[in-house]
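In: Following is a predicted model, sequence given first.
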2 protein chains.
Amino acid sequence: MKDIQKIEPIAYIHTDFKEKFGVPRQSGRVEELIGKIVFEKKYRISESLKGIEEFSHLWLIFGFSKVEKEEWSPTIRPPRLGGNKRVGVFASRSPFRPNKMGLSSVKLLKVENEKENGDVLIVSGVDIIDMTPIYDIKPYIKYTDCHIDAVSSYADENFSHKLDVEFDNSLLNLIPDDKKNAVIACIKDDPRPSYQNDSERIYSMAFSDFDIHFKVDGKKAKIIGVDKK
Amino acid sequence: MKDIQKIEPIAYIHTDFKEKFGVPRQSGRVEELIGKIVFEKKYRISESLKGIEEFSHLWLIFGFSKVEKEEWSPTIRPPRLGGNKRVGVFASRSPFRPNKMGLSSVKLLKVENEKENGDVLIVSGVDIIDMTPIYDIKPYIKYTDCHIDAVSSYADENFSHKLDVEFDNSLLNLIPDDKKNAVIACIKDDPRPSYQNDSERIYSMAFSDFDIHFKVDGKKAKIIGVDKK
């Protein structure tokens, strides 16, 4: 077949999410979430990043690497619609699509030189699982990428739904200082599928080296345990 | 190698540009440019578009199909910088990148059912050559894709540079009515590389079934010929 392309990872992104649960539903929802992009040896060329720090945001085209190749469906049920209304796969950002590619915009914080990895990109606002392959990185160009008048159907939500998070210091202090805000922000953003509302249910979010257990009652999330793996 | 993906076209886009010269430098620059997205037989499933018309804009991930696989360079010279300053390929939207994928946002005008092609998408603001393979279509989600505070370095231009277009009716009337505005808008947008400024040079833009010949003197473009192919 014509125009089949073989694409290979230029880099991998390292994040604190080892599993899907808890990953923000889109990029930018949780600014506190940091990712580190490490280039593959073949593409570890400082010159290829020349001038990138003059852009505030980047596009990442990445692979939904946990989804099987043949696993796609013409319609999907977006969690935001309560999980029972179907929309077309091309009217969604679902990973279960013909070509398993995701698209996220992230903030570029800095380019850092690491002895072991060469130049890496430190980004924030990620919504991507740890060790996800990155196929392309492009600068965000405001005049062509930012449509302030866009209408986004069921995805036209705002950020007004947030949970209050009760996190006892005895538990919170098990987490390193530089990750505390990110954990709280992720739970605040309410990682539950929107059709679940059982105040007795215990949710467990794998974050960095920890499993964070919590319950949600109404608008209040209460952390009930933190296990170090 | 791990995570190599084979991606295949889900659709092809039909536009009036058979060649690169004249294609707007980014999507949305010339709203008048219309594209028609025709799905491959395997993906011609009306359900997969369910709800798409409730989005005003779409992302297209497409292939730079005219660029050879191995043809990429760590740095490129953006035309906008006069063609003599180099930036890293990941600080640019150049087609000469490791994985030959482009990213454009377009306006969705409508879904149309054609006897021969099934449901097709009619979009505007395209910057893509005719018969380019499309690998993915995603809805534009304003809250996560639109960064009004983004800083875009050398690409932070506005639309203030426009040419005045002198197009005698005798020539203009050779072009069908529904394409006149698009042709004028493309030339108005100044398709010349920004380092060229020779008032005697004749430029030829292939558009639809026509070759449009013009000269540019200062801020004035004068159409000097229209050939039907």
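Out: Structure's in. What do you need?

In: Would you enumerate the residues in contact with A:Asn99?
Out: Under the criterion of C-beta atoms under 8 Å, 6 or more residues apart in numbering or on different chains, the neighbours of A:Asn99 are B:Gln5, B:Ile7, B:Glu8, B:Ile10, B:Ile61, B:Tyr135, B:Asp136. Just so you know, the C-beta spots here come from the backbone N, C-alpha and C atoms, and that holds for glycine as well.

In: which two in these are spaced the farthest apart?
Out: B:Gln5 and B:Ile10 (13.9 Å; C-beta to C-beta).

In: which of the two has more neighbours?
Out: Taking other C-beta atoms under 10 Å in any protein chain shown, B:Gln5 and B:Ile10 do not tie; B:Ile10 has more neighbours (23 against 19).

In: max-length helix in chain A?
Out: Longest helix of chain A, by residue count under DSSP state H: helix A:177-188.

In: Who are the packing partners of that helix?
Out: strand A:164-166, strand A:203-207, strand A:210-217, strand A:220-228 (3 or more C-beta pairs under 8 Å, 6 or more residues apart in numbering or on different chains; DSSP states H and E).

In: and A:Ser94, which of those strands is closest to it?
Out: strand A:203-207 (21.0 Å).

In: Now that closest one: buried residues?
Out: A:Tyr203, A:Met205, A:Ala206, A:Phe207 (16 or more other C-beta atoms under 10 Å in any protein chain shown).

In: Helix or strand: which one has the residue most central in space within chain A?
Out: Centroid-nearest residue in chain A: A:Asp127, 0.7 Å away (criterion: C-alpha atoms, centre = their mean). Using DSSP states H and E, A:Asp127 is not contained in any helix or strand.

In: Quickly run through the sheet partners of the top strand by length along chain A, with directions.
Out: What stands out as the longest strand in chain A, according to DSSP state E, is strand A:101-114. Partners of strand A:101-114 in the sheet, by DSSP bridges, are strand A:57-63 (antiparallel), strand A:118-124 (antiparallel).

In: which ones among the contacts of A:Asn99 are found in strands?
Out: Using DSSP E, those in strands are B:Gln5, B:Ile7, B:Ile61, B:Tyr135, B:Asp136.

In: Kindly reformat the residues you listed as CSV containing pLDDT.
Out: Shown next, in CSV, are the ones in strands among the contacts of A:Asn99 (pLDDT from 0 to 100):
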residue, pLDDT
B:Gln5, 93
B:Ile7, 95
B:Ile61, 98
B:Tyr135, 98
B:Asp136, 98
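
In: So which residues make contact with the longest helix of chain A?
Out: Helix A:177-188 is contacted from outside by A:16, A:22, A:24, A:30-34, A:162-165, A:167, A:172, A:175, A:205, A:207-208, A:210, A:212, A:214, A:221, A:223, using C-beta under 8 Å, 6+ apart.

In: cool, stretch A:214-229 as well?
Out: For stretch A:214-229, the external contacting residues (C-beta under 8 Å, 6+ apart) are A:162-168, A:171-172, A:174-175, A:187-188, A:190, A:192, A:197, A:199-203, A:205-206, A:209-213.
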